[in-house]
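Build me a model from this:
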Amino acid sequence: MNHELARKALIRRLAIGYLGVLGMVLVALVFCLAQRAGWEPMLTGAPIYLTFVAAITYQFAKDLRASKPGRRAADKAMDEE
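Next up is the predicted model:
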């Protein structure tokens with residue numbers, strides 16, 4: 001049961017992270033459109049947005065892998081070798 005709660009909390013963190021990046025992109029888009037610049041200036045920020053998405057995905061994969069049952073014992077055994 002504890003593992004299930006940890007997994008749900010992890011997925012909730014992932015969803016909040018992705019929604020944060022989406023919100024950041026939408027705010028920038030609204031500013032571009034409000035100044036009648038179109039969506040083209042958004043392309044200059046694309047590397048930053050993709051970096052944030054990659055960082056969130058990497059952290060999720062790392063946390064998911066660490067939260068698997070029995071994973072800590074396997075990691076300890078590898079560290080001792």
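
In space, not sequence, find me the middle residue of this structure.
By C-alpha atoms, centre = their mean, the chain has its centre lying nearest to residue 56, at 2.1 Å.

contacting residues around it?
14, 17-18, 21 (C-beta atoms under 8 Å, 6 or more residues apart in numbering). No exception for glycine: its C-beta is placed from N, CA and C like everyone else's.

and it, how far is that from residue 2?
24 Å (C-beta to C-beta, to the nearest Å).

what do you get for residue 42?
43 Å.

who's more crowded, those two?
Using other C-beta atoms under 10 Å, the more surrounded residue of residue 42 and residue 2 is residue 42, with 16 against 7.

looking at it, that one is touching residue 27, isn't it?
No: using C-beta atoms under 8 Å, residue 42 is not in contact with residue 27, being 11.0 Å away.

Tell me which stretches of the chain form helices.
All helices of the chain, identified by DSSP state H, fall at 2-34, 46-67, 71-80.

Quick one: the ones you listed as TSV, columns for mean pLDDT too.
TSV is the format used below for those (pLDDT from 0 to 100):
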stretch	mean pLDDT
helix 2-34	91
helix 46-67	92
helix 71-80	56
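
Among the contacts of residue 56, name the buried ones.
14, 17, 21 (16 or more other C-beta atoms under 10 Å).

Name the nearest of those relative to residue 50.
Nearest to residue 50 out of those is residue 21 (C-beta to C-beta; 9.4 Å).

residues near the nearest residue to the closest one once chain neighbours are set aside, how many?
Using C-beta to C-beta, 6 or more residues apart in numbering and skipping the chain neighbours, the partner closest in space to residue 21 is residue 52 (4.9 Å). When neighbours are defined as other C-beta under 10 Å, residue 52 has 16 of them.

Pull up the gap between residue 52 and residue 18, please.
9 Å.

what does residue 24 give?
The separation that residue 24 has from residue 18, given C-beta to C-beta, amounts to 11 Å.
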